[in-house]
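Chemist: Sequence unavailable; structure follows:
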């Protein structure tokens, strides 16, 4: 699944320093992740309130290279990668539509599949496996990892 | 229940215009409401994920008189009022600790008690009735309504 | 200016009660307002950090008729109205794409044009006057007010 | 500067999965950082809108060990560390007041001092140097790093 999400920076994303508040960059990335799931047919209402499996984030990180301002039009490129039967990672690159050569920010979220009641690890559900491999060729992977 | 909540404006509350983003004033008010519930012994985790009753907001409004800036120390005065067997309202006044004479903002939230599954109205639960009348005399009411 | 904005509810908009957190409905409405400004050529970065004029919200209100869930696709219909030389109001109707007949929520924001340094009222800038009257006929107005 | 911040999880911090939305853990950490600055006398309004120096975050990361729920009372332990003349890092440990032995989450933010107009690196301002070394002994440092 190599996916690109269009996002326009909103006033609510910014802070009094005049630029996007740092944690909101991760919110944008998660929106791209949600949209990529929806594109492959995942019902987000059911998925996020599911009683048998959940895929919470266990680690997130983000690097900021250039500031983002209210009204900026962004592209968020997303590439997930399966790490094990119970775990996957999503890598994000954020670029400006007006200057896509250099990233504004890069981020990663790592997700573990659990049973929400017991909080024990469980196998990734079929919809996630399908999403992980949706339209994804080896060349896509090597390009984004470069 | 006449309650005062201390709140310090955070960078995440502000936007690129340099002041608190308008909708975040309602978020602060809701925090004051949550704290007032906790003070009377309500378990917020259970209360907000309860399967038999919920008290969603059906109306909210807010008036802004003066801007609020990052680091400002605020007092949020809260006064709930029961409207019927199934409905109550909470009135909020926000003032600066450094100048409590004139409000920075005023807000109201109106809540209706429902069964979350059927979304039908149901009687306010006992914990809410107790909270509504917690330490509240007629003089408190008439003072804040003036 | 009669404008419709497409919005998909994100996990970050929701809370532990399983539905959209009430104040986030106003955030969505403000996003629709920002997009309507952008459509008429307003540069949002300059507009929101302008040193000579600002149009802060002095009043906001919202009515909630039906809950909104993660993944829901919404239409936000927006209609601004000039109230005076220094003031305008924006009315919002939020409907589900899958059932546009009945609104999920309605909201209003009232904005006053000020000089951000002095916080004194000043005339609405030309870009706002143009936005207020952009493609807006009398029939549009009477239809939405009905 | 070894600092502990008390924080109560609010409904606005949670999402439809019933727990704190991942990016809001970084928001809480930043609130602790702001409070630690205020404690040493930094004026946050001036500091966050300063025209000569800013200390934006260039990297943030967070590990999640246990879920956090609405109403949970937390302690956020914070320890900053100067990395160079222009850079510092803040380490955060979040624990439950009711069970402080095992962290719920750990986070780090890395900040670089810049001139906000040119976006070029500049020396950390005196108020930050003072904050970095405020009441901080070698034993504090070795304890938290262990």
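Modeler: Looks like it came in fine. Remember, it's a predicted structure, so these values are computed and weren't measured experimentally. Numbers count the residues shown, from 1 in each chain, chains lettered A, B, ... in the order given.

Chemist: can you list the residues of chain A near chain C?
Modeler: Taking Cβ under 8 Å from any Cβ of the partner chain, the part of chain A that reaches chain C is made up of A:8, A:10-12, A:14, A:18, A:27, A:30-31, A:34-35, A:38, A:43-45, A:47-49, A:69-72. Where C-beta positions appear, they are placed from N, C-alpha and C, glycine not excepted.

Chemist: Put the buried members of those residues into a PyMOL selection.
Modeler: The PyMOL selection below is limited to those of these classed as buried (16 or more other Cβ atoms under 10 Å in any protein chain shown):
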select buried, chain A and resi 8+10+11+12+14+18+27+30+31+34+35+38+44+45+47+48+49+69+70+71+72
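
Chemist: Cross the residues of chain A next to chain C against helices and list the overlap.
Modeler: Among the residues of chain A next to chain C, DSSP state H puts A:27, A:30-31, A:34-35, A:38, A:44-45, A:47-48 in helices.

Chemist: Of all pairs in these, which one is the farthest apart?
Modeler: A:27 and A:45 (18.7 Å; Cβ to Cβ).

Chemist: Around chain B, which positions in chain A sit nearby?
Modeler: A:11-12, A:14-19, A:21, A:23, A:69-70.

Chemist: which residues of chain A fall in strands?
Modeler: Ranges of strands in chain A, per DSSP state E, are A:3-8, A:57-64, A:73-84, A:87-96, A:105-112.

Chemist: Any chance of a markdown table for those, columns distance to chain D and mean pLDDT?
Modeler: Formatted as a markdown table, the strands of chain A follow (distance: least, Cβ to the nearest Cβ, whole Å; pLDDT from 0 to 100):
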| stretch | distance to chain D | mean pLDDT |
| --- | --- | --- |
| strand A:3-8 | 15 | 98 |
| strand A:57-64 | 4 | 98 |
| strand A:73-84 | 14 | 98 |
| strand A:87-96 | 12 | 98 |
| strand A:105-112 | 8 | 98 |
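
Chemist: got these as TSV, with distance to residue C:54 columns?
Modeler: Shown next, in TSV, are the strands of chain A (distance: least, Cβ to Cβ, whole Å):
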stretch	distance to residue C:54
strand A:3-8	20
strand A:57-64	27
strand A:73-84	23
strand A:87-96	25
strand A:105-112	28
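
Chemist: I'd like the average pLDDT over stretch A:133-145.
Modeler: Stretch A:133-145 shows a mean pLDDT of 60.

Chemist: And for stretch A:20-34?
Modeler: 98.

Chemist: if you look at it, does any of it touch chain D?
Modeler: Yes - Stretch A:20-34 reaches chain D (Cβ under 8 Å from any Cβ) through A:22-24, A:26-27, A:30.

Chemist: Quickly note the distance from the most centrally placed residue in chain A to chain D.
Modeler: Among the residues of chain A, residue A:33 comes closest to the average C-alpha position under Cα atoms, centre = their mean, at 3.8 Å. To chain D, residue A:33 is 11 Å away according to Cβ to the nearest Cβ, to the nearest Å.

Chemist: go on, residue A:20?
Modeler: The gap separating residue A:20 from chain D is 10 Å, by Cβ to the nearest Cβ.

Chemist: Can you give me every residue that contacts that residue?
Modeler: A:9, A:13-14, A:67-69 (Cβ atoms under 8 Å, 6 or more residues apart in numbering or on different chains).

Chemist: which two in those residues are spaced the farthest apart?
Modeler: A:13 and A:67 (11.7 Å).

Chemist: Among those two, which residue is more densely surrounded?
Modeler: residue A:13 (25 against 18; other Cβ atoms under 10 Å in any protein chain shown).

Chemist: Can you give me the pLDDT of residue A:50?
Modeler: Reading off the model, residue A:50 has pLDDT 76.

Chemist: which ones are touching it?
Modeler: residue A:116.

Chemist: do the same with residue A:127
Modeler: A:37, A:40-42, A:47.

Chemist: Out of the contacts of residue A:20, the closest to chain B would be?
Modeler: residue A:14 (3.9 Å; Cβ to the nearest Cβ).

Chemist: surely the closest one meets residue B:18?
Modeler: No - in this structure, residue A:14 is not within contact of residue B:18 by Cβ atoms under 8 Å, at 10.1 Å.

Chemist: would you list the residues of chain A next to chain B in CSV and tack on distance to residue A:103?
Modeler: As requested, those are exported to CSV (distance: Cβ to Cβ, whole Å):
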residue, distance to residue A:103
A:11, 23
A:12, 23
A:14, 19
A:15, 21
A:16, 25
A:17, 20
A:18, 21
A:19, 16
A:21, 19
A:23, 18
A:69, 16
A:70, 20
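
Chemist: Assess the claim that residue A:82 and residue A:130 are in contact.
Modeler: No - using Cβ under 8 Å, residue A:82 makes no contact with residue A:130, being 11.4 Å away.

Chemist: So for the closest residue in space to residue A:115 that isn't next to it in sequence, what pLDDT did the model give?
Modeler: Take residue A:115 and drop its neighbours on the chain: the residue closest to it by Cβ to Cβ, 6 or more residues apart in numbering or on different chains is residue A:122, 5.2 Å away. We have a pLDDT of 96 for residue A:122.

Chemist: tally of neighbours for residue A:122?
Modeler: 17.

Chemist: And it, how far from residue B:89?
Modeler: Distance, residue A:122 to residue B:89, using Cβ to Cβ, to the nearest Å: 45 Å.

Chemist: now do residue A:100
Modeler: In terms of Cβ to Cβ, residue A:100 sits 50 Å off from residue B:89.

Chemist: again with residue A:67
Modeler: 42 Å.

Chemist: Residue A:20 now?
Modeler: Taken as Cβ to Cβ, the span from residue A:20 to residue B:89 is 36 Å.

Chemist: Chain neighbours aside, what residue packs nearest to residue A:7?
Modeler: That would be residue A:74: by Cβ to Cβ, 6+ apart, it lies 4.6 Å from residue A:7.

Chemist: For that neighbour, list the residues it contacts.
Modeler: Per Cβ under 8 Å, 6+ apart, neighbours of residue A:74: A:6-9, A:28, A:68, A:94-97, A:104.

Chemist: Which one (most neighbours) among the residues you listed?
Modeler: residue A:94 (27 neighbours).

Chemist: Name whatever forms a beta bridge with that residue.
Modeler: Beta-bridge pairing for residue A:94 (DSSP bridges): residue A:76, residue A:105.

Chemist: Number of residues surrounding residue A:116?
Modeler: Residue A:116 has 18 neighbours, counted by other Cβ under 10 Å.

Chemist: residues in contact with it?
Modeler: A:50-54, D:17-18.
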